[in-house]
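Student: okay, structure incoming, though there's no sequence with it:
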């Protein structure tokens, strides 16, 4: 990045007088733990904006934004003509006035997630915001065109020259599309490790941003968790096209302990074959309207009631898609009984059988099947590793209530309430934010939690646990230390 790192965040570095854990100079209202039903729906569909200040970050929800505010980015939750999606949960940097000459992109197997900084030219407030966009990876050229637009408008957006722009890229596409991006934009493209960026992004959200992390269940639909510096160890279950499960033992210290190939790409692929949905959001919308009981075989279908001895409700799924074959065979028997015997023993076509099952019911059934599987695998790994905090990230979730409730219920059921599932409002952008933060100066953030070597948090952990015990813990863990 052409701008000096000291100059990049001069205001962020000087906002804290000394030390990593000093209290903010200006007290802010304590975030509410719970919201009412209307606020829950709004927070999920329009997660709002996060106003970040090193003296104390806080969220300004979309419903609370000034009507006179006209940011340069699209409106909250806007689906653009080129198929990209603006997430509508921008991160504000109100005290930031220095130039930012980089953007970050996380290119996965299904989606490319983009994070960039822009000034708010029409706002009377200083600073700017981080903007979030996503593109289908199959349309990666649209993503590149959008980055070209950002490059051409760097002077207006950030006050820097177009050629000063630097691309921070992560994910598999950072390697697959590296040459294409560099040739199209004519700028430096720096590749960052995918897993490392995920952890940096998640650590930032957990420790810095109020009203970002929350729990979810049917009885308590959305309960926010306050940021806290003492977060380790924990498990990250990142659900993208596939699933990666990471154990995080400390700042920049992690190991991949498992995963599964049955992830968001599996759901997307199968529903593309079984339903008319054209994109992932269409599939989630259909799932929200469907009834899996018309497709799945439930415990109640077998026992006629709950199976209380082992804690299974009558609505629990005994077999995903278990009713399909039985209902199809029943229809064939009815046809034979009525004299409609197929010619040459031909069986009814798959298209005719699909008409008995709506796309919405199929979508809901498959969503539950994938989510339940991920939930159980996540619990098994957490149990093996002795972890009680599981954070779910990745673009598979999308704030979808059925998905979050299924994952949360699976973790609670198998752990008998001893393990907690957590979700994030920016769950799909952990890697992109991590890549963006790789360009930040030392001591950035309220707790100094994103220094290159993670020394600030490590020092506090040593003070808490005792140096000898902490060093022994680290030495026993197979880890990959980030630079």
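Tutor: Looks like it came in fine. All of these numbers come straight from a predicted model, not from anything done at the bench.

Student: dump the residue contacts of the nearest residue to residue 303 once chain neighbours are set aside.
Tutor: Excluding the flanking residues, the one nearest residue 303 by C-beta to C-beta, 6 or more residues apart in numbering is residue 314, at 7.2 Å. C-beta coordinates here come from the backbone N, C-alpha and C atoms, glycine included. Neighbouring residues of residue 314 by C-beta atoms under 8 Å, 6 or more residues apart in numbering: 298-300, 303-307.

Student: out of these, which sit inside strands?
Tutor: Using DSSP state E, the members of the contacts of residue 314 that fall in strands are residue 298.

Student: return the member of the contacts of residue 314 nearest to residue 116.
Tutor: Relative to residue 116, the closest of these is residue 298; by C-beta to C-beta it sits at 46.5 Å.

Student: ok, that closest one touching residue 320?
Tutor: No. Applying C-beta atoms under 8 Å as the test, residue 298 and residue 320 come out as separate, 10.5 Å apart.

Student: which stretches of the stretch 351-483 of the chain form strands?
Tutor: 389-393, 420-424, 480-481 (DSSP state E, counting those that start in this stretch).

Student: next, give phi and psi for residue 199.
Tutor: phi -70, psi -40 (degrees, to the nearest 10).

Student: ok, it touching residue 244?
Tutor: No. Assessed by C-beta under 8 Å, residue 199 is found out of contact with residue 244, at 11.1 Å.

Student: neighbour count: these two, which is higher?
Tutor: Relative neighbour count places residue 199 above the other of residue 199 and residue 244, with 24 against 20, counting by other C-beta atoms under 10 Å.

Student: ignoring the adjacent residues along the chain, who's closest to that one?
Tutor: Of all residues not flanking residue 199 in the chain, residue 254 sits nearest, at 5.3 Å (C-beta to C-beta, 6+ apart).

Student: A helix includes that neighbour, no?
Tutor: No. With DSSP: H, G, I helix; E, B strand; the rest coil as the criterion, residue 254 is assigned strand and is not in a helix.

Student: quick one: it and residue 197, what's the gap?
Tutor: Counting by C-beta to C-beta, to the nearest Å, the gap from residue 254 to residue 197 is 11 Å.

Student: contacts only, for residue 273.
Tutor: Not one residue lies near residue 273 by C-beta under 8 Å, 6+ apart.

Student: need the helices for the stretch 51-200 of the chain, in chain order.
Tutor: Listed from the start of the chain, the stretch 51-200 of the chain has helices (DSSP state H, counting those that start in this stretch) covering 140-152, 154-158, 173-176, 178-185, 194-208.

Student: run through who's touching the second one.
Tutor: This means helix 154-158. By C-beta under 8 Å, 6+ apart, helix 154-158 touches 72, 99-101, 116-119, 121, 128, 150, 160-162, 164-165.

Student: the fourth one now?
Tutor: The list of residues contacting helix 178-185 from outside it, by C-beta under 8 Å, 6+ apart, reads 140, 144, 147-148, 151, 165, 167, 169, 188-189, 191.

Student: rerun at 7 Å
Tutor: Contacts to helix 178-185, defined as C-beta atoms under 7 Å, 6 or more residues apart in numbering, come from residues 144, 147-148, 151, 167, 169, 189, 191.

Student: about what we covered before: which one of the contacts of helix 154-158 sits closest to residue 284?
Tutor: Using C-beta to C-beta, residue 116 comes nearest to residue 284 of the contacts of helix 154-158, at 25.6 Å.

Student: isn't that closest one right up against residue 131?
Tutor: Yes. Because the distance of 5.5 Å satisfies C-beta atoms under 7 Å, residue 116 is recorded as touching residue 131.

Student: burial measure for residue 418, as a count.
Tutor: 12.

Student: sitting in helices, which of the contacts of residue 314 do you find?
Tutor: Among the contacts of residue 314, the ones falling in helices (DSSP state H) are 299-300, 303.

Student: mind putting those residues into a markdown table with pLDDT, neighbour count and distance to residue 107?
Tutor: Formatted as a markdown table, the ones in helices among the contacts of residue 314 follow (pLDDT from 0 to 100; neighbours: other C-beta atoms under 10 Å; distance: C-beta to C-beta, whole Å):
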| residue | pLDDT | neighbour count | distance to residue 107 |
| --- | --- | --- | --- |
| 299 | 92 | 19 | 42 |
| 300 | 91 | 17 | 44 |
| 303 | 91 | 13 | 47 |
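
Student: what angle do the top helix by length along the chain and strand 420-424 make?
Tutor: As assigned by DSSP H, the longest helix anywhere in the chain is helix 359-385. Angle between the axes of helix 359-385 and strand 420-424 is 120 degrees (criterion: axes from the mean of the first three to the mean of the last three C-alpha atoms, to 10 degrees).

Student: please spell out which residues along helix 359-385 are buried.
Tutor: By 16 or more other C-beta atoms under 10 Å, the buried positions in helix 359-385 come out as 359-375, 377-379, 381-382.

Student: go on, stretch 303-310?
Tutor: By 16+ other C-beta under 10 Å, stretch 303-310 has no buried positions at all.

Student: that older thread, point out the least confident one among the contacts of helix 178-185.
Tutor: Comparing pLDDT over those, the lowest score belongs to residue 151 (90).

Student: gap between that one and residue 113?
Tutor: Separation of residue 151 from residue 113 (C-beta to C-beta): 18 Å.

Student: the two: which is more packed in?
Tutor: Using other C-beta under 10 Å, the more surrounded residue of residue 151 and residue 113 is residue 113, with 29 against 20.

Student: wait, what's in contact with the nearest residue to residue 414 once chain neighbours are set aside?
Tutor: Closest residue to residue 414 apart from its sequence neighbours, by C-beta to C-beta, 6+ apart: residue 379 at 4.2 Å. Counting by C-beta under 7 Å, 6+ apart, residue 379 touches 410-411, 414-415, 419.

Student: and residue 379, how far from residue 197?
Tutor: 26 Å.
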